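Asks: Next one to model:
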Amino acid sequence: MPLTDQILELSVLTLVLLVGAAFVAGWVDAVVGGGGLIQLPALLTALPADTSTSTVLGTNKLASAAGTAVSSWTYVRRIMPIAATAIPLVLCALAGSALGAGLATFVPKPWLSPIVLVALIAVGLYTLLRPAMGLVHEPRHHGRGHVLRSGGIGAVIGVYDGMLGPGTGSFFIIAMVALLGYGFLEASVHAKLANLTTNIGALLVFGLQGEVWWVLGGVMAVANVLGGFLGARLALRLGSRFVRIVFLLVTGALAVRLAADSVALLT
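Replies: Residues are numbered from 1 along each chain as shown. The predicted model follows:
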C-alpha cells in the first residue's frame with residue numbers, strides 16, 4: 001500500500017484514538033511494561049479487517065521501539081545496568097525476537113487476545129500473592145547461574161515478543177523480580193534495554209518483509225515517545241512501590257479488556 005494511502009484509509013477520529021492509545025501505551029510501558037496491551041488492541045480494532053497479522057505487529061513495533069528507546073535512555077541515565085544481567089539478557093532477547101517475528105505469520109489474529117490473556121492473568125496473580133516481592137533489590141544467584149538465567153529470560157520472552165508482543169515489558173520485569181531477586185525499579189531498567197532490543201529485532205524482520213505501515217507507525221511513535229519520557233521520569237521519582245502498584249492496576253485492567261475481546265470472538 002502506498003505510504004499516503006495508509007493515513008487516508010483511516011478516519012480522523014480513528015487516527016486521533018490511535019495517537020492517544022500510543023501516548024498512554026508509552027507511559028504504561030515506561031513504568032511497568034505492557035504498553036502493547038493498549039496499543040496493539042487499538043491497532044487490531046482500527047486497521048482494515050484484511051490487514052495481515054504481521055502488518056499489525058510490525059506497525060506496533062515501530063511505535064513501541066521509539067518510545068522504549070527514550071524511556072531506556074531516561075532510566076540508564078539514573079540507574080546503571082549490571083553487565084552480567086544486561087549482556088546475556090539483551091543478546092538472547094534479540095535472537096529470540098527475530099525468531100519469533102519469523103514465526104508470527106503462522107499465528108492467526110483471533111489467537112492473540114486469548115494467548116496474552118492467559119499469560120497476563122498468571123503474571124498478575126503471581127505478583128498479587130507475593131506483596132513483598134520486588135520492593136527490595138536483593139539479587140540472587142551469581143556467576144554462571146546468573147548469566148544463564150538472564151539469557152534464558154531474554155530468549156523465552158524474546159520469542160514471545162517477536163511472535164505476539166503485548167505485555168513483554170511486564171513479563172521481563174516479573175521474570176527478573178521472581179528469578180533474579182531484583183527490585184521492580186532495577187528490573188525495569190534492564191527490561192527496557194531488553195524490550196528495546198526485541199522491538200528492534202522484530203521490526204527489522206517485519207520491515208524487510210514489507211509488513212510495516214511506516215507513516216502511521218511514525219505518527220504513533222511520536223506520541224509513544226512523549227508518553228515514555230514522562231512515565232520513566234515518574235517511575236524513577238516514586239520508586240519500586242509505585243511501579244508495583246501501577247503494575248497490578250494495569251495488569252488487572254488489561255486482563256478485563258482482553259477477556260471481553262476473547263468473549264466477543266467466541267460469540
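
Asks: At which residues are the helices of the chain located?
Replies: 3-8, 12-31, 36-46, 53-76, 83-103, 112-128, 143-163, 168-180, 184-208, 214-266 (DSSP state H).

Asks: can you redo those as a markdown table with mean neighbour count and mean pLDDT?
Replies: Where you see a C-beta, it was placed from the backbone N, CA and C, and this is true even at glycine. Putting the helices of the chain into a markdown table (neighbours: other C-beta atoms under 10 Å; pLDDT from 0 to 100) gives the following:
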| stretch | mean neighbour count | mean pLDDT |
| --- | --- | --- |
| helix 3-8 | 12 | 58 |
| helix 12-31 | 22 | 87 |
| helix 36-46 | 23 | 81 |
| helix 53-76 | 25 | 87 |
| helix 83-103 | 21 | 89 |
| helix 112-128 | 18 | 73 |
| helix 143-163 | 21 | 89 |
| helix 168-180 | 26 | 85 |
| helix 184-208 | 25 | 85 |
| helix 214-266 | 19 | 81 |
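
Asks: Who's the closest spatial neighbour of residue 102, skipping the chain neighbours?
Replies: residue 205 (6.1 Å; C-beta to C-beta, 6 or more residues apart in numbering).

Asks: Could you list which residues are in contact with that neighbour?
Replies: Listed by C-beta atoms under 8 Å, 6 or more residues apart in numbering, the contact set of residue 205 reads 98, 101-102, 162.

Asks: and the gap between it and residue 174?
Replies: Distance of residue 205 to residue 174, given as C-beta to C-beta, to the nearest Å: 26 Å.

Asks: cool, and residue 209?
Replies: Separation of residue 209 from residue 174 (C-beta to C-beta): 31 Å.

Asks: Check residue 18 too.
Replies: 28 Å.
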